[in-house]
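> no sequence on hand, only this structure:
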């Protein structure tokens, strides 16, 4: 029993990167502490790499389809309402050195990503 209690703190970071959960406000959320900062892949999709386990990664799915203005050189800005990434959060691309942000895209959900985790 003592060994189990000793290992529990080591398992908490892995548990934080678990599947989306319902937040108190009823929206689906993924805890941000289990994910790296979002990046735009070559295919224009926004990717959240699982940390420390890349097998717990996600791809953003937007309301209304693709998010225009996202390209692999863009910095993704996320306007969250809590400690996680939740449905209804707003994302936009910022293409530096321009200070004019791209259009707002509304997050529908984060879909588990089972593709190539080395990106």
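Cool, got the structure. Worth saying up front: this structure is predicted, and the values here are computed from it rather than measured. Numbering: from 1, shown residues only.
> in this structure, which spans are helices?
In the chain, helices defined by DSSP state H lie at 2-16, listed in chain order.
> how many neighbours does the closest residue in space to residue 32 that isn't next to it in sequence have?
Ranked by C-beta to C-beta, 6 or more residues apart in numbering and with sequence neighbours excluded, the top spatial neighbour of residue 32 is residue 84, at 5.1 Å. C-betas here are computed from N, CA, C, even on glycine. Burial measure for residue 84: 21 neighbouring residues, criterion other C-beta atoms under 10 Å.
> dig out what residue 84 forms beta bridges with.
Judged by DSSP bridges, the bridge partners of residue 84 are residue 31.
> isn't it up against residue 27?
No. Under the criterion of C-beta atoms under 8 Å, residue 84 lies out of contact with residue 27, with a separation of 9.4 Å.
> tell me the contacts of residue 105?
Shown here is residue 105, whose contacts under the criterion C-beta atoms under 8 Å, 6 or more residues apart in numbering are 62-63, 67-68, 70, 90-92.
> out of those, which one has the lowest pLDDT?
pLDDT across those is at its lowest for residue 68, which sits at 81.
> got the phi/psi numbers for that one?
Backbone torsions for residue 68, taken as degrees, to the nearest 10, come to phi -70, psi 150.
> list the contacts for it?
Residue 68 makes contact with 102-103, 105, according to C-beta under 8 Å, 6+ apart.
> closest one of the residues you listed to residue 51?
For these, the minimum distance to residue 51 (C-beta to C-beta) is 23.1 Å, reached by residue 105.
> what pLDDT does that closest one get?
In the predicted model, residue 105 carries a pLDDT score of 93.
> excluding chain neighbours, what is closest to it?
Sequence neighbours aside, residue 67 is the residue nearest to residue 105 in space, at 3.5 Å (criterion: C-beta to C-beta, 6+ apart).
> thought the one you found was touching residue 90?
No. In this structure, residue 67 sits apart from residue 90 without contact. The criterion is C-beta under 8 Å, and the distance is 10.4 Å.
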